[in-house]
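*Asks:* Provided below for reference: sequence and predicted model.
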Amino acid sequence: MSRNKVEIQGAELVVTPQGLDKLWSFTKEIRVPLSLVRGATYDPGIVKEPKGIRALGLNTLGKKVSATYRKDHEQHYWNVTGAADVLVIELDPTFKYRRLILSVDDPTGLEQEINRQVLADRG
């Protein structure tokens, strides 16, 4: 089951944590203007990288991460269970988060959809 619902609604990318992840991550929804989305990458290896300092949220020894982290003077939003289906969405530095690291059902399909939409938005 996906831990996040990711949709493109008009000119926005909308991320909605599912179930108790809303509570654990202190996040009901994240709305990002497409103009601030730099791209998306399927990257299951990112879960092994240092996350930084946790500001809010849950981390159960890396198996379940649902939190905001601060690393290199940037905030990153994590909502990941396991490592298999992880999508990383890079955002403009002016946005609240620099990266959204998310467990999703179809990371490669979503990666292509987001990148296609970002290119269309710039073209």
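*Replies:* Arrived safely, thanks for sending.
*Asks:* Quick check: residue 97 touching residue 79?
*Replies:* No: counting by C-beta atoms under 8 Å, residue 97 stays clear of residue 79, with 11.3 Å between them. C-betas here are computed from N, CA, C, even on glycine.
*Asks:* Among the two, which residue is more densely surrounded?
*Replies:* Just comparing residue 97 and residue 79: by other C-beta atoms under 10 Å the higher neighbour count belongs to residue 79, 27 against 23.
*Asks:* tell me which element that one falls in.
*Replies:* strand 74-81 (DSSP states H and E).
*Asks:* Looking at this protein, which helix is longest?
*Replies:* What stands out as the longest helix in the chain, according to DSSP state H, is helix 107-122.
*Asks:* can you give me the strands for this structure?
*Replies:* Along the chain, the stretches classed as strands by DSSP state E are 4-9, 12-17, 30-33, 37-42, 53-59, 64-71, 74-81, 86-91, 99-103.
*Asks:* So, low pLDDT: which residues of the protein?
*Replies:* Low-confidence segments of the chain, defined by pLDDT under 70, span residues 1, 62, 123.
*Asks:* Just give me the residue closest to the centre of it.
*Replies:* Closest residue to the average C-alpha location of the chain: residue 100 at 2.4 Å, with C-alpha atoms, centre = their mean.
*Asks:* Let me see the contact set for the closest residue in space to that residue that isn't next to it in sequence.
*Replies:* In space, and not counting its chain neighbours, residue 100 is closest to residue 89: 4.2 Å by C-beta to C-beta, 6 or more residues apart in numbering. Applying C-beta atoms under 8 Å, 6 or more residues apart in numbering to residue 89 gives the contacts 13, 15, 32, 37, 39, 40, 99, 100, 101, 102, 114.
*Asks:* Check which residues of stretch 85-98 are buried.
*Replies:* Judged by neighbour count using 16 or more other C-beta atoms under 10 Å, the buried positions of stretch 85-98 are 85, 86, 87, 88, 89, 90, 91, 95, 97, 98.
*Asks:* typo on my end, it should be stretch 57-71
*Replies:* Quick answer for stretch 57-71 (16+ other C-beta under 10 Å): 57, 58, 59, 64, 65, 66, 67, 68, 69.
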